[in-house]
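Structure for this input, please:
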Amino acid sequence: MRNHLASDAVAIIDIHIQRAGVIAGVFNPAWEPGRDYDVMEAFFLAWAAAGRVRASDLDAVIWSDMSKLGRSAARALGAPHDSASWYAEQT
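Predicted structure coming up:
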């Protein structure tokens, strides 16, 4: 929807957005996109609004920076791993 209609009323929560949200303290590390997508989307949209930026612009900057950062550096900053096993380790 966002890409086809240029809408900033939705968010695309991928691993880069998830990692950045956890690192920034916006997302609870226990949240899983498959289970908590709606709350993650709401928090992401609120994050963009608080920064007075379009959600699509925040997404693009995060995606670019997180993809350059690399998985090991992101993990060192506290970002979740790509697998559900990380969540199991947190409980």
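
what's the lengthiest helix in the chain packed up against?
Among the segments of the chain that qualify as a helix by DSSP state H, the longest is helix 33-50. Contact partners of helix 33-50 among helices and strands, from 3 or more CB pairs under 8 Å, 6 or more residues apart in numbering; DSSP states H and E: helix 15-24, helix 55-69. For glycine as for every other residue, the C-beta is placed from the backbone atoms N, C-alpha and C.

which of these is buried the deepest?
Each of those was scored by mean neighbour count; the highest is helix 15-24, a mean of 20, by mean count of other CB atoms under 10 Å.

Could you check the angle that one makes with helix 33-50?
For helix 15-24 and helix 33-50, the angle between their directions (axes from the mean of the first three to the mean of the last three CA atoms, to 10 degrees) works out to 60 degrees.

which stretches of the protein aren't confidently modelled?
Where the chain drops to pLDDT under 70, the residues are 1-8, 70-91.

can you do 50?
Under the criterion pLDDT under 50, the flagged ranges of the chain are 1-5, 83-91.

Save the helices and strands packed on helix 33-50 as a markdown table, and put in distance to Leu45 too.
Formatted as a markdown table, these follow (distance: least, CB to CB, whole Å):
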| stretch | distance to Leu45 |
| --- | --- |
| helix 15-24 | 11 |
| helix 55-69 | 6 |
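
can you pull the contacts of Leu58?
Shown here is Leu58, whose contacts under the criterion CB atoms under 8 Å, 6 or more residues apart in numbering are 44, 47-48, 51.
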